[in-house]
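Asks: Give the three-dimensional model of this entry:
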Amino acid sequence: QVTLQESGPGLVKPSETLSLTCTVSGGAINTDPYYWSWIRQAPGKGPEWIGVLGYTGVTYYSPTLTSRSSISRDTSKNQFTLELTSVAPEDSAVYYCTRRTTTWAEDYWGQGTQVTVAS
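Replies: Sure thing, here's the model as predicted:
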């Protein structure tokens with residue numbers, strides 16, 4: 001059984017950098033053939049894919065967020081981290097980390113963490 005747990009601040013000020021960490025249990029993040037994603041959902045909106053980390057360390061990002069997004073990993077802790085720079089109130093959402101299969105579908109989700117951007 002794979003479990004994912006997001007952690008990070010619940011409140012971030014505008015223009016600051018949001019940093020969220022996902023801790024994975026039950027499967028190594030550098031194991032073929034899985035990918036590890038960040039997805040967010042704002043109130044009243046559908047899920048928005050932010051980016052993905054491959055088991056080799058390669059990363060891909062949504063075109064709309066690529067200039068502000070960065071995903072890194074710490075394989076010794078089995079964690080991966082999202083950094084989103086220059087946040088604004090519209091970045092307020094529930095942020096989820098997920099495992100993604102080779103069919104590009106999510107098969108495991110974290111419980112999600114609420115992030116609010118406000119001064």
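
Asks: contacts and neighbour counts: CA atoms only from here.
Replies: Noted.

Asks: Which element, helix or strand, includes the residue positioned nearest the centre of the chain?
Replies: Centroid-nearest residue in the chain: residue 38, 2.6 Å away (criterion: CA atoms, centre = their mean). Using DSSP states H and E, residue 38 sits in strand 35-41.

Asks: about what we covered before: now that the residue nearest to the centre of the chain has come up, it's in contact with residue 98, right?
Replies: Yes. Judged on CA atoms under 8 Å, residue 38 makes contact with residue 98 at a distance of 6.4 Å.

Asks: so who does residue 65 touch?
Replies: For residue 65, the contact set (CA atoms under 8 Å, 6 or more residues apart in numbering) comprises residue 50.

Asks: Just the pLDDT for it.
Replies: pLDDT for residue 65: 95.

Asks: re earlier: spit out the contact partners of the residue nearest to the centre of the chain.
Replies: For residue 38, the contacting residues are 49-52, 82, 95-98, by CA under 8 Å, 6+ apart.

Asks: And residue 14, by the same measure?
Replies: Contacts of residue 14 by CA under 8 Å, 6+ apart are 86-89, 117-119.
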